[in-house]
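[1] Got a predicted model here, sequence first, then my questions.
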Amino acid sequence: MCETREEWLQNVTGHMAGWYADLGYPLPKVRIAIGFPSTGRRGRRIGECWDQGASADSTFEIYIRPDLAEPEEVAAVLGHELVHAAVGLECGHKGPFRKVAVAIRLEGKMTATVAGPAFLAAVAPILAAVGPLPHARLALGQSSGPKKQKARLLKAECQHQECGYNVRVTKKWVMDIGAPHCPAHGEMAVDGLDDDEEEENGGDE
């Protein structure tokens, strides 16, 4: 029984390796993890394969979203990303990619393959041998992670060279009423009025 998600993914990969080798595309060195792809938690990408050229030790890196938890679904995403590693990312989703993806029984649009009945039947003995996936679905809608600030404060500074007087004010008040005034020198300059979006207090994208 696997103790970590990564161990489970590597074991499933080991069992799948023969599929790719039999098709003339043996798997290269690959590292796999549960984690958000480069599009972040709000992106629609469920898996991602990074080329070995981006790795300091020439290893393909695969990431599978943490809000996936069904072993069959995770295995199907893993199978798709392993096709990328096997044939090379330069193929995109055409040519050799399509050939191998169809051969390992993935179905649907090549940019978003799914596990059809034939894939599920082929992967069932692998999942039985590897055991349960030690992972629980991450409910993104209930995240306790960083929250967007409801009202970002802008800095307003006195324009008089030797004054140094400054205050914080919301963009709404500046737009509705106007910039604050220094008690000694009048209207102040407000930084950040040209920003189109509020900043996030942290984030993962």
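    Looks like it came in fine.

[2] how many neighbours does the closest residue to A139 other than its chain neighbours have?
    Counting by C-beta to C-beta, 6 or more residues apart in numbering, D67 is the residue found nearest to A139 once chain neighbours are left out, at 7.2 Å. For glycine as for every other residue, the C-beta is placed from the backbone atoms N, C-alpha and C. Close neighbours of D67, defined as other C-beta atoms under 10 Å, add up to 14.

[3] domain parsing for this protein?
    Residue ranges for the domains of the chain, per automatic domain parsing: 5-139, 153-190.

[4] winner for burial among those?
    Greatest average neighbour count among the domains of the chain goes to domain 5-139 (a mean of 17), per mean count of other C-beta atoms under 10 Å.

[5] Comparing the domains of the chain, which yields the minimum mean pLDDT?
    By mean pLDDT, the lowest-scoring of these turns out to be domain 153-190, with a mean of 86.

[6] for the residue sitting nearest the centre point of the chain, what are its contacts?
    The centre of the chain sits closest to P37, judged by C-alpha atoms, centre = their mean, with a distance of 2.2 Å. P37 is in contact with G43, R45, I46, G47, E48, Y63, R65, counting by C-beta atoms under 8 Å, 6 or more residues apart in numbering.

[7] and the first one, that one's in a helix?
    No - the secondary structure assignment for G43 gives coil rather than a helix, going by DSSP: H, G, I helix; E, B strand; the rest coil.

[8] quick one: the closest residue to it other than its chain neighbours and K109, what's the gap?
    Closest residue to G43 in three dimensions, ignoring its sequence neighbours and counting by C-beta to C-beta, 6+ apart: P37, at 6.4 Å. Distance of P37 to K109, given as C-beta to C-beta, to the nearest Å: 18 Å.

[9] which residues does the residue nearest to A122 when sequence neighbours are not counted contact?
    Once flanking residues are discounted, A122 sits nearest to R105: 5.6 Å by C-beta to C-beta, 6+ apart. Neighbouring residues of R105 by C-beta under 8 Å, 6+ apart: G116, A118, F119, A122.
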